[in-house]
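Asks: coordinates for the following, if possible.
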Amino acid sequence: MGIFDNLRNAMNAAVPQTAQGTNRSVNVVFPTLPDTLEQFKALPQAALSNPFDTAALTVLAFCFYPQDKETSLAMVDYLKGPKPLSGYDKSFIADRFRDSDYVPRSYFNGATPQNDYLPSQPYTVTVSENPYSYQNAGYAKLFIRSGGADSPREVLLRQAKDGKWYLWEQFILVGIRAPESSNPWA
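Replies: Numbering: from 1, shown residues only. So this is what the prediction gives:
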């Protein structure tokens, strides 16, 4: 028996087997995209029954921001559940979209700088977990890869008393490579 086996056994006993992360990835598919908040809430993933769906819906909600800021923020508020966006959150989001509107769509499969982040259809977001995704009870730290970044971005979700998984924090509105159409050297 190794010197850390007792510690490892105690940690494994404290985390339920189903909550111990793996390296699993889930493709969340949207055959069509909603046009309104009501259509967004009617999507099967909007039941928020697992953290993968909530993470993928976060990407979808932010994709609306360039065309309809209020609808996008209402979608994000829906995903945040009992903890709606604060004024600071809204200001932060507005700042992220000041220079680039392509970041959220870069998380859809097939969206790359070469095609100006135009996703392939059906619209699919691949959400991944790792062995550390469920270290804190009631929270899930998942990852989404952008076609314009070298490393995946983090989305933190929290499970409420109603059993639904809500958006707690997101780190997907960060800089990525610019689309080639905006690069004068490409």
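Asks: alpha carbons only for contacts and neighbour counts from here, please
Replies: Will do.
Asks: with adjacent residues omitted, what lies nearest to the spatially most central residue of the chain?
Replies: Centroid-nearest residue in the chain: A55, 3.3 Å away (criterion: Cα atoms, centre = their mean). Spatially, and ignoring its direct neighbours in sequence, A55 is nearest to V155 (6.3 Å; Cα to Cα, 6 or more residues apart in numbering).
Asks: tell me the phi and psi of that neighbour?
Replies: phi -130, psi 130 (degrees, to the nearest 10).
Asks: could you do A111 as well?
Replies: The phi/psi pair for A111 (degrees, to the nearest 10) is phi -90, psi 120.
Asks: what does V28 give?
Replies: phi -100, psi 120.
Asks: for this structure, what spans make up the strands?
Replies: Counting by DSSP state E, the segments of the chain that form strands are 25-30, 123-128, 139-144, 153-159, 165-170.
Asks: circling back to that earlier point, enumerate every residue touching the residue nearest to the centre of the chain.
Replies: Shown in contact with A55 (Cα atoms under 8 Å, 6 or more residues apart in numbering): 127, 142, 155, 157, 167.
Asks: for the chain, name the helix or strand with the lowest mean pLDDT.
Replies: Lowest by mean pLDDT, DSSP states H and E among the helices and strands of the chain is helix 5-14, with a mean of 49.
Asks: isn't A61 up against V76?
Replies: Yes - counting by Cα atoms under 8 Å, A61 does reach V76; the two are 6.0 Å apart.
Asks: so which of the strands of the chain comes closest to P84?
Replies: Closest approach to P84 among those is made by strand 165-170 (9.6 Å; Cα to Cα).
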